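Asks: I need the structure of the sequence given here:
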Amino acid sequence: QVQLVESGGGLVQAGGSLRLSCVGSLRTFSAYGMGWFRQAPGKEPELVASASWSGDTTYYADFAKGRFTISRDNAKNTVYLQMNSLKPEDTAVYYCVAEYGATRIRSPDNWGQGTQVTVSS
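Replies: Next up, the predicted model:
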């Protein structure tokens, strides 16, 4: 069973920044596409960003482009999400996800427990 453990969420003012981290207990971490979903209250989960196994291919939702950056360090089994210029509408639970062999996350095999991000106006 794969474990994904997120950290770095919290409360931040609008315009601020947060960096989320996710460590995966994956023996072959580099074989997985990694990404971040988020779910706001009363809404469906939505993909925020994903990175291929090498990190060379990335994908961002429109709302994340220009503000969020996904990166990964396979030596540390860690994927990051740097979030800048945060807005109140970014408030959500952010989930780290993994999908075996994916260049772009479409149907995650594994989900973390989530970390709350709250952006105050």
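
Asks: ok, which stretches of this protein are strands?
Replies: Residue ranges of the strands in the chain, as given by DSSP state E, are 4-7, 10-13, 18-24, 32-39, 46-51, 58-60, 68-73, 78-83, 92-100, 110-111, 115-120.

Asks: which one of those is the most hemmed in?
Replies: Using mean count of other C-beta atoms under 10 Å, the stretch among the strands of the chain with the largest mean neighbour count is strand 32-39, at a mean of 25. To be clear about C-beta, it is placed using only N, CA and C from the backbone, and glycine gets the same treatment.

Asks: any weak-confidence spans in this protein?
Replies: 1 (pLDDT under 70).

Asks: let's see it at 80
Replies: 1-2, 26-27 (pLDDT under 80).

Asks: which ones are touching the most centrally placed residue in the chain?
Replies: The residue lying closest to the centre of the chain (C-alpha atoms, centre = their mean) is W36, at 2.5 Å. If a contact means C-beta atoms under 8 Å, 6 or more residues apart in numbering, then W36 has 20, 22, 47-50, 70, 79, 81, 94-97 as its contacts.
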